[in-house]
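Peer 1: Here is a sequence together with a model predicted from it:
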Amino acid sequence: MENLRSAPPILTARDAGLIGCTHCGKVDRPGVVRCARCGARLRPRDVDGLQKVWAWLIAGMVIYIPANLYPMLSTVSLGKTTENTILGGVIELMHHGSYGVAGIVFFASIVIPIAKFIAIIYLGLSVTRKVRMPMHRRHTLFEIVEFIGRWSMIDVFVVAILSSLVRLDFAATITPGIAAVSFALSVAFTMMAALSFDERLIWDARNEDAE
Amino acid sequence: MTAPAFPHIPDLDGMMACPACDALLVDRTVSVGATASCPRCHTVIEAPRPLAMTRIIMLALAALILMIAAVFFPFLELGAAGMVRRSSLLDTVMAYATGLTAPLTLAMAALIVVLPVTRFLTLLYVLGPMAFGWHPARHAVHAFRVTEALRPWAMAEVFIVGVAVALVKVAGLAHVSLGPAFWAFVALVIVTVLKDNFMSRVTVWKTLEARRRS
């Protein structure tokens, strides 16, 4: 491991009166709008930037409600129609004895989305308020949220595969339900919330704590 | 901490800011095979790998070919009660096409096929000319920004796990067999993951800047 060293009390680009690019790391003088190396918009830190995070997050949380109330898929088997919500699907899988898959679906569609909501709320609040969790822990938490977001899409894909595959006329047919749309939107909105969170805000707080 | 005045900041090109935590660092050249990480937040900043550029290009090409195979060959086959149902990747994308869920069709097409393909193409466009030692192509900077922006939205590997879950769900109901496209897609996911491991974002940006026509 070769570390890029800097003097022990770490100085941020902002403290030095400069602005750093969050994409390629180039530092520029303040007032420059676009990074000279990668052309990305240089974002000065402002806590108002959090409003975007809140907006996406609230959108994601609101649309997560119908995703759970309406059917994710409906199965027509021998003339009998059964509609399954997300939770219903998990319970049915458990009745069939496939606990592993039930676990994956339960995790990807219920545990992860809700944990993500909570994590983003916590990280957002931690910018303006004092919290107990240390910076490194919060940084890791953010990385997990960022990494895991896309995996919630699994259930939407499962429904698509099932309904394209199981079209055996009278014997069994699976069609997707409206919840799939709101679930997909909820995942996308939460991903946007995480993407618009400026992770540098996590580290800024320390300088204020220090003295 | 009150920001002390730094009247003598060395020239800006010799410095860099950690993309994750904004720590101001001395921008050293990182040797191939080494890993440079931020001393404050430990985020890996640069990790150049030997022959990375050539390898990424080869892997992106392989991924493109595999994607073509995955789209056109049969993906899964389901047999029950004497009936056989073959489903291709396109059928899966079109699963939401009827009724209220129609807008999801576009999203599916984008997440599984279009965005991954766009990423492969832009990567080839950015790194291709540089691998031959030429100047980067004209809009290479824009193209690489697109590549990076699409990274979270290209969900091929999520889709594969989805297939696995779906297979277990129908396994009790009917007999399922995997088509060639399924294996092409699995290979595609492996290739994509390998490719992303070789790629060091900051290194590519620096190389693009250094080789720029000016």
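Peer 2: Alright, I've got the coordinates.
Peer 1: Now do residue B:21, the pLDDT please.
Peer 2: What the model reports for residue B:21 is a pLDDT of 82.
Peer 1: for chain A, what spans make up the strands?
Peer 2: Applying DSSP state E to chain A gives strands spanning A:2-3, A:19-20, A:27-28, A:73-77, A:80-84, A:173-176.
Peer 1: Strand partners (parallel or antiparallel) of the fifth one?
Peer 2: Which is strand A:80-84. Next to strand A:80-84 in the sheet, as set by DSSP bridges, lie strand A:73-77 (antiparallel).
Peer 1: ok, back up a step: just the strands of chain A: most buried one?
Peer 2: Mean neighbour count (mean count of other C-beta atoms under 10 Å in any protein chain shown) peaks for strand A:19-20 among the strands of chain A, with a mean of 26. Glycine gets a C-beta too; all of them are placed from N, C-alpha and C.
Peer 1: Parallel or antiparallel, list what pairs with that strand.
Peer 2: strand A:27-28 (antiparallel).
Peer 1: average pLDDT for the partner strand?
Peer 2: Mean pLDDT, strand A:27-28: 80.
Peer 1: So what touches that strand?
Peer 2: For strand A:27-28, the external contacting residues (C-beta atoms under 8 Å, 6 or more residues apart in numbering or on different chains) are A:13, A:18-21, A:35-36, A:42, B:12, B:15-17, B:24.
Peer 1: which of the residues you listed count as buried?
Peer 2: For these, a burial check counting by 16 or more other C-beta atoms under 10 Å in any protein chain shown picks out A:13, A:18-21, A:35, A:42, B:15-17, B:24.
Peer 1: Reformat these as a markdown table; add pLDDT and distance to residue B:51.
Peer 2: Supplementary listing: the buried ones among the contacts of strand A:27-28 in a markdown table, determined by pLDDT from 0 to 100; distance: C-beta to C-beta, whole Å:
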| residue | pLDDT | distance to residue B:51 |
| --- | --- | --- |
| A:13 | 78 | 33 |
| A:18 | 79 | 35 |
| A:19 | 81 | 34 |
| A:20 | 80 | 30 |
| A:21 | 83 | 27 |
| A:35 | 83 | 28 |
| A:42 | 80 | 33 |
| B:15 | 81 | 29 |
| B:16 | 83 | 24 |
| B:17 | 83 | 29 |
| B:24 | 80 | 32 |
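Peer 1: And those residues, which is closest to residue B:202?
Peer 2: Nearest to residue B:202, judged by C-beta to C-beta, of the buried ones among the contacts of strand A:27-28 is residue B:16 at 8.0 Å.
Peer 1: quick check, that closest one in a helix?
Peer 2: No: counting by DSSP: H, G, I helix; E, B strand; the rest coil, residue B:16 is not found in a helix; it is strand.
Peer 1: Okay, and the beta partners of it?
Peer 2: Those that pair with residue B:16 in a beta bridge, by DSSP bridges, are residue A:26, residue B:25.
Peer 1: so what's it up against?
Peer 2: A:4, A:20, A:25-27, B:24-27, B:45, B:202.
Peer 1: same thing but at 7 Å, please
Peer 2: Neighbouring residues of residue B:16 by C-beta atoms under 7 Å, 6 or more residues apart in numbering or on different chains: A:25-27, B:25, B:27.
Peer 1: Of all residues in chain B, which one is closest to chain A?
Peer 2: residue B:17 (2.4 Å; C-beta to the nearest C-beta).
Peer 1: Just the mean pLDDT for stretch B:181-199, thanks.
Peer 2: Rounded mean pLDDT across stretch B:181-199 is 82.
Peer 1: Going by neighbour count, which residues of that stretch are buried?
Peer 2: Applying 16+ other C-beta under 10 Å to stretch B:181-199 flags B:181-182, B:184-192, B:195, B:198-199 as buried.
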